[in-house]
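Visitor: missing the sequence, but the structure's below:
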């Protein structure tokens, strides 16, 4: 698909992509000195004239879908929309010829033209084409998508994923969800409940009430189930709920033990988690319908396990060396290799869905960072710095990370932030009220 | 026990809580309700949960990222053990806590270590293990909310929260 990408746009896309690619190894002696670049690369200018409504009933949907696509693309920091007020040409029909000179005149490099129509049965049809303005060529095939009017934002996200993917050569991530912990109340009487929303904050829905403390939800590989930790019985234990039937089922039933920090295996057949008994926290693996198998057996704290995408390895944190560090072991347990060696403490490792990197929380000299490293520990880069950043989760394309940020002080409330893996485009994710512990779903089917 | 007696005891327990300015909002109400009546109540009664909280001390503190017991903590726990050995109708749930300077999962594990350190010490001082249980709240339940060491020091704690009569 990218092979016939026109040169002009390909060059611009390469520029945009350069910001996403890992910088050459910058492992300084003191990791706090690692440069965190938050400068903005020159975003690619695009125009998206309002999608044409094919019938009177589709007018508001056409406007909404156009807004969703524009917000998705500009939200990446890689694209800049040229406002409609600057447009010279008017697009009044999906099939009329494109006057490229008019789009060139306002320096649009990409042009997205689309139309939205009603298809009966409460369904909508969206058509779009993506053009390279300078060569005047279409990028990829025009596409037509259909879906229920109730999920019209998803149609917009799907178009935006196509555009993003065609221009960057990367997978998209806009048609995805985030499950997180909604927080309310003062720091010393915080109420928490699970919530799920679209990646951009839309369509929020609560999954639990605030009657029990809940922590750290995690999606299943198919995005339809959520593992989390709840104090419903008085001690932390792992529960599972289905998004379409949010009645939590208890997964672990230890006597005199606490379980937390669960994650699915990539095949969805197993979960890996921490079990704390007698003051010692170890990692266990439980296949569906089987008893848990212990994977670590040191007197140290072993927690925050995360599978590699091929399911063969597990990255986790342990303080067996005296401080929290990151280790990788076979998924069946056994000897573990330490991969973090910089100054400070490393925790909450999460394997990238692409398999190439591990995101983590780092604590050093009183500051918290979200960082990434190669799976052998090389090329560590810190993407953020603040009083308290923690708990990274990967976008489905492995290019963006979401995490929890909390400020200092008695009235500080946590919020969700996202940043791309170059450290650019740090953004607050809109949530109603305070939020923590985000987990990004895979792309929706 | 009649319901009215329970209610009365609970009221006294709540008053005792606010008076001693040492609120324990997690799990202590049941203790007052379960056993206050019949033993007398109020902080002046050495057999009362209020006395345990106000005079013996239900909380011990820990240094940064440590679960080892300080001299001061041992001294408090010695008092707890004596009290528990004299008031065998009570069990206790030991809550381990951490300050906010740490990741959520690690702090849960650290709180579990702290609670376990207290439990083992109390057992070593003669308290039957089946009267004690532990839970970790990690950094989820701070009692002091500033982001300074003065608050962190109070949050790095283990609380021996009495529970109503066990095994009787």
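Guide: Right, received. Where do you want to start? Only a predicted model underlies this, so the values are computations on that prediction, with no experimental measurement involved.
Visitor: centre-most residue in chain B?
Guide: In chain B, the residue lying closest to the centroid (C-alpha atoms, centre = their mean) is residue B:160, at 2.2 Å.
Visitor: residues contacting that residue?
Guide: Counting by C-beta atoms under 8 Å, 6 or more residues apart in numbering or on different chains, residue B:160 makes contact with B:58, B:59, B:80, B:92, B:94, B:118, B:122. All C-beta spots, glycine's among them, are computed from the backbone N, C-alpha and C.
Visitor: check which helix or strand covers it.
Guide: Assigned by DSSP states H and E, residue B:160 belongs to strand B:157-165.
Visitor: now that strand: buried residues?
Guide: Neighbour counts over strand B:157-165 (16 or more other C-beta atoms under 10 Å in any protein chain shown) mark B:157, B:158, B:159, B:160, B:161, B:162, B:163, B:164 as buried.
Visitor: show me where pLDDT drops low in chain B?
Guide: Scanning chain B with the threshold set as pLDDT under 70 gives B:1-41, B:165-168.
Visitor: mind listing what's buried along the longest helix seen in it?
Guide: When chain B is parsed with DSSP state H, its longest helix is helix B:104-124. Buried residues in helix B:104-124, counted by 16+ other C-beta under 10 Å: B:104-122.
Visitor: any figure for the gap between the closest residue to chain A within chain B and residue B:163?
Guide: Nearest residue of chain B to chain A: residue B:116, at 2.7 Å (C-beta to the nearest C-beta). Residue B:116 sits 17 Å away from residue B:163, going by C-beta to C-beta, to the nearest Å.
Visitor: repeat that for residue A:156.
Guide: 54 Å.
Visitor: residue A:81 now?
Guide: 61 Å.
Visitor: do residue A:100 as well
Guide: Relative to residue B:163, residue A:100 is positioned 77 Å away (C-beta to C-beta).
Visitor: count the neighbours of the nearest residue to residue A:299 once chain neighbours are set aside for me.
Guide: Excluding the flanking residues, the one nearest residue A:299 by C-beta to C-beta, 6 or more residues apart in numbering or on different chains is residue A:280, at 5.7 Å. Residue A:280: 19 surrounding residues under other C-beta atoms under 10 Å in any protein chain shown.
Visitor: and for residue A:88?
Guide: 13.
Visitor: part of a helix, is it?
Guide: No - secondary structure of residue A:88 (DSSP: H, G, I helix; E, B strand; the rest coil): coil, not part of a helix.
Visitor: just read off the phi/psi values of it.
Guide: Dihedral angles of residue A:88 (phi, psi; degrees, to the nearest 10) stand at phi -100, psi -50.
Visitor: doesn't residue A:113 lie inside a strand?
Guide: Yes - counting by three-state DSSP, residue A:113 is found in a strand.
Visitor: and the residue of chain A closest to chain B?
Guide: Taking C-beta to the nearest C-beta, chain A has residue A:279 as its residue nearest chain B, at 2.7 Å.
Visitor: look up how far residue A:135 lies from that residue.
Guide: Taking C-beta to C-beta as the measure, residue A:279 falls 66 Å from residue A:135.
Visitor: more neighbours: the two, which one.
Guide: Remark: of residue A:279 and residue A:135, residue A:279 carries more neighbours, 23 against 15, as counted by other C-beta under 10 Å.
Visitor: identify the residue nearest that one in space, chain neighbours excluded?
Guide: The shortest distance from residue A:279 to any non-neighbouring residue, by C-beta to C-beta, 6+ apart, is to residue B:116 (2.7 Å).
Visitor: tell me where the stretch 151-300 of chain A has helices.
Guide: A:152-168 (DSSP state H, counting those that start in this stretch).
Visitor: around chain B, pick out the residues from it.
Guide: Within reach of chain B by C-beta under 8 Å from any C-beta of the partner chain, the stretch 151-300 of chain A has these residues: A:186-190, A:213, A:215-216, A:234-236, A:256, A:258, A:260-261, A:274, A:276, A:278-281.
Visitor: so how do I select the buried members of those in ChimeraX?
Guide: To isolate the buried members of those in ChimeraX, using 16+ other C-beta under 10 Å:
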select /A:187,190,213,215,216,235,236,258,260,261,274,276,279,280,281
